[in-house]
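Novice: Whatever this is, show me its structure:
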Amino acid sequence: MKNFVHESVKMGANVRIGYFSVIEEGVVLGDDVTIGNNVTIHAGTVIGSGVFISDNCVIGRWPKPAKASTVKLDPDLPPLVIGDGTTVGAGAVLYRGSTFGKEVMIGDLASVREKCSIGDRVVIGRGVAVENQVEIGPHTKIQTNAYITAYTTLEERVFIAPTVTTTNDNFMGRTKERFKYVRGPLVKRGARVGGGSILLPGVTVAEESFIAAGAVVNKDTEPAKVYVGVPARPLRDVPEREKLENQE
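Specialist: Modelled structure (predicted):
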């Protein structure tokens, strides 16, 4: 059998499906969707028009947390929704309960957990891990192998360089008290975070802040300042020519 498509699938015009793919019940496929080889699309997933899904992807996966996990399974998770014109790279895994806007780019081997909201034209690079309950604003770019922890918010036009690490638990899994304080960073509009930087739990990276490569941000930053070092400290103002208001 080349592939399996459940009889209840709603399929638009010009849909192309590769070999050995499985499309479960209730899936909705818009016009001009391309699905690669060995792709699994789980029940109820809604895929907009012009979406391209590469080989070996898992789309709409139900979460299955470990018994010791602080994340509890929600039996009422809504289906995964992927907006028009989105591209999903090879081997990516997208979980049920998240929504993707239009023209999102998801790189090879990336994963996005449940209850995430991804805005229009976001770029999620190769090998990026986005944990549960993350919000990402439109036009934000997250580059290769960055780690976006649960309960993080990245606002509009944020830049996250390769191998950036965000964190959300100052107790690192010890004590019951920690549950009251678990919170990821808030990275505000136009902020840029350099390669290999670490954002500690609950910090706010202010609008247009520039975090230099390798910095460790342990306190809230000020708008439009350059931060360097361990721990991060302000160095100078962000040049006017680099601010969003001066970009074409």
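Novice: bridging residues for the residue nearest the centre of the chain?
Specialist: In the chain, the centroid-proximal residue (Cα atoms, centre = their mean) is Val130; its distance is 4.4 Å. Applying DSSP bridges to Val130 yields these beta-bridge partners: Val112, Ile148.
Novice: Now do the same for stretch 26-39: mean pLDDT, whole number.
Specialist: The average pLDDT within stretch 26-39 is 98.
Novice: Excluding residues flanking it in the chain, which one is nearest Lys188?
Specialist: Glu207 (4.5 Å; Cβ to Cβ, 6 or more residues apart in numbering). In short, each C-beta sits where N, CA and C put it, glycine included.
Novice: Next up, the contacts around the residue nearest to the centre of the chain.
Specialist: Ala110, Ser111, Val112, Arg113, Cys116, Ile124, Ile136, Ile142, Ile148 (Cβ atoms under 8 Å, 6 or more residues apart in numbering).
Novice: go again using 10 Å as the cut-off
Specialist: By Cβ atoms under 10 Å, 6 or more residues apart in numbering, the contact set of Val130 is 94-95, 98, 106, 110-113, 116, 118, 122, 124, 136, 142, 146-150, 152, 154, 166.
Novice: Among these, which lie within strands?
Specialist: In strands, defined here by DSSP state E, the members of these are 94-95, 106, 111-112, 118, 124, 136, 142, 147-148, 154, 166.
Novice: what's the spacing between Pro75 and Glu114?
Specialist: 12 Å (Cβ to Cβ, to the nearest Å).
Novice: More neighbours: those two, which one.
Specialist: Comparing Pro75 with Glu114 by other Cβ atoms under 10 Å, the one with more neighbours is Glu114, at 23 against 6.
Novice: Fine by me, we can end here.
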